[in-house]
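# when you get a sec, could you give me coordinates for this:
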Amino acid sequence: MQRVNLRFQFADGRMATDAREWLDYWVSRYPRNKYPSINHLIRLGTSGPLSSADFEWIGKWKDGALNGDKWKPNVAMVAYEIWTLASSVLPGMRISDEQAAAGFLTEWIWKTYKDTYRNGSVRKKKFGLSRASTLLHVISGGMFPILDSNVRTAFKRLTGSPLGKTTWIGTSLLIDRYSNRSWMLAEKRTYEG
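Prediction:
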């Protein structure tokens, strides 16, 4: 396994003296009233089932629709239909192993919804890895990471290198973020949408 040296760098390029200083700096840039935490849902997910309302809140949080006026169908960047589906089928679900995680990601990454625009055109969109990994993160009690642009940016800031084309999740689950495929390497099985 390759050793990675972490760089605790501020946005202006200065280096922090230690990890705590760096973490405090970045936390202060994301005020809780604008960027609420999902930690309470992760804790709930480890101790018992999440409710339909919890999944709706996760959707609003992930798609930046907590204020309410964006939380409806046909709003750009809001996968309302799929989040509504999640709130009806996922309460009570718990995933704690990599094979189930691979199957879950493959299923949810490829779910599609349609946005209908004022001019009558319809655009089919994918739920995608960012949203699917957010669901997995919560229903696994934080066992599997969220894989989105924020995580890729943080990884690059910490290591000085971007995440590669593929990303390890756990010990044997590999995600290809370009093709949205996941592999269980231990069993040499490919899950494709």
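# isn't Tyr25 right next to Thr17, touching?
No. Under the criterion of CB atoms under 8 Å, Tyr25 makes no contact with Thr17, lying 11.0 Å away. No exception for glycine: its C-beta is placed from N, CA and C like everyone else's.
# neighbour count winner among those two?
Each of Tyr25 and Thr17 has its neighbours counted (other CB atoms under 10 Å); Tyr25 has more, 15 against 9.
# quick one: the more buried one from Ile146, how far?
Per CB to CB, to the nearest Å, Tyr25 is found 21 Å from Ile146.
# next one: Lys114
Plainly put, Lys114 is 25 Å away from Ile146 if you go by CB to CB.
# same check, this time on Ala154
11 Å.
# of those two, which one has the most company?
In terms of neighbours (other CB under 10 Å), Ile146 is the more surrounded of Ala154 and Ile146; the figures are 19 against 12.
# the more buried one: what's it in contact with?
Ser130, Ser133, Thr134, His137 (CB atoms under 8 Å, 6 or more residues apart in numbering).
# which SS state does the third one fall under?
The three-state assignment at Thr134 reads helix, by DSSP: H, G, I helix; E, B strand; the rest coil.
# isn't it right up against Asn150?
No. Assessed by CB under 8 Å, Thr134 is found out of contact with Asn150, at 10.8 Å.
# my read: Ser133 touches Phe144, true?
Yes. Contact criterion CB under 8 Å: Ser133 and Phe144 qualify, at 7.0 Å.
# and for Ala102, the neighbour number?
Neighbour count for Ala102, taken as other CB under 10 Å: 28.
# my reading is that it lies in a helix. Confirm?
Yes. Assessed by three-state DSSP, Ala102 belongs to a helix.
# flag every buried residue along stretch 52-61.
Within stretch 52-61, the residues that count as buried by 16 or more other CB atoms under 10 Å are Asp54, Phe55, Glu56, Trp57, Ile58, Gly59, Lys60, Trp61.
# which of the residues you listed fall in helices?
Among the buried residues of stretch 52-61, the members falling in helices are Asp54, Phe55, Glu56, Trp57, Ile58, Gly59, Lys60, Trp61 (criterion: DSSP state H).
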